[in-house]
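*Asks:* Provided below for reference: sequence and predicted model.
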Amino acid sequence: MESTYELHEGALWIRLKGELDHHGAKTLISKLSSQIDSALPLRCILDFSGISFMDSSGLAVILYTHRRMRELGGSIRIIHLPDQAARVVNASGIDRLIMQDERSGSDEE
């Protein structure tokens with residue numbers, strides 16, 4: 001599981017790559033925490049375009065980010081969610097809580 005971070009116009013862009021499972025989620029949450037605490041962004045954009053697999057541990061990453069951004073008075077957006085990961089998100093009901101762009105076809109930045 002790899003992640004890159006970029007602060008652009010008050011938004012923290014987080015690009016994820018690889019398999020988001022229980023092995024990677026704990027480390028990713030720690031990195032997210034550090035990046036959010038350092039940048040104090042108004043918006044956080046999770047880009048899932050590089051995700052090849054996601055299990056329910058990925059939901060913990062999304063919910064953690066959502067909670068931290070709410071604490072800061074900010075928002076979260078999920079973009080480029082692959083079909084398999086979208087099924088996990090939609091089955092959980094998180095899709096009613098967090099803004100998503102269209103799956104992998106969205107180029108909005």
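*Replies:* That came through fine. Computed from a predicted structure; not experimentally measured.
*Asks:* what residues are bridge-paired with the residue positioned nearest the centre of the chain?
*Replies:* The chain has Leu46 as the residue nearest its centroid, 3.3 Å off, counting by C-alpha atoms, centre = their mean. In this structure, Leu46 bridges to Ile14, Ile78 when assessed by DSSP bridges.
*Asks:* that one: what's it in contact with?
*Replies:* Shown in contact with Leu46 (C-beta atoms under 8 Å, 6 or more residues apart in numbering): 14, 16, 61-62, 65, 76-79. In this view, the C-beta of every residue, glycine as well, is placed from N, C-alpha and C.
*Asks:* now these: which count as buried?
*Replies:* Burial by neighbour count, judged by 16 or more other C-beta atoms under 10 Å, picks out 14, 16, 61-62, 65, 76-79 from these.
*Asks:* which one among the residues you listed gets closest to Glu2?
*Replies:* Nearest to Glu2, judged by C-beta to C-beta, of the buried ones among the contacts of Leu46 is Leu16 at 7.4 Å.
*Asks:* how close does the residue lying closest to Ala11 once chain neighbours are set aside sit to Ser57?
*Replies:* With sequence-adjacent residues excluded and distances taken as C-beta to C-beta, 6 or more residues apart in numbering, Ala11 is closest to Arg43, at 4.1 Å. Distance of Arg43 to Ser57, given as C-beta to C-beta, to the nearest Å: 24 Å.
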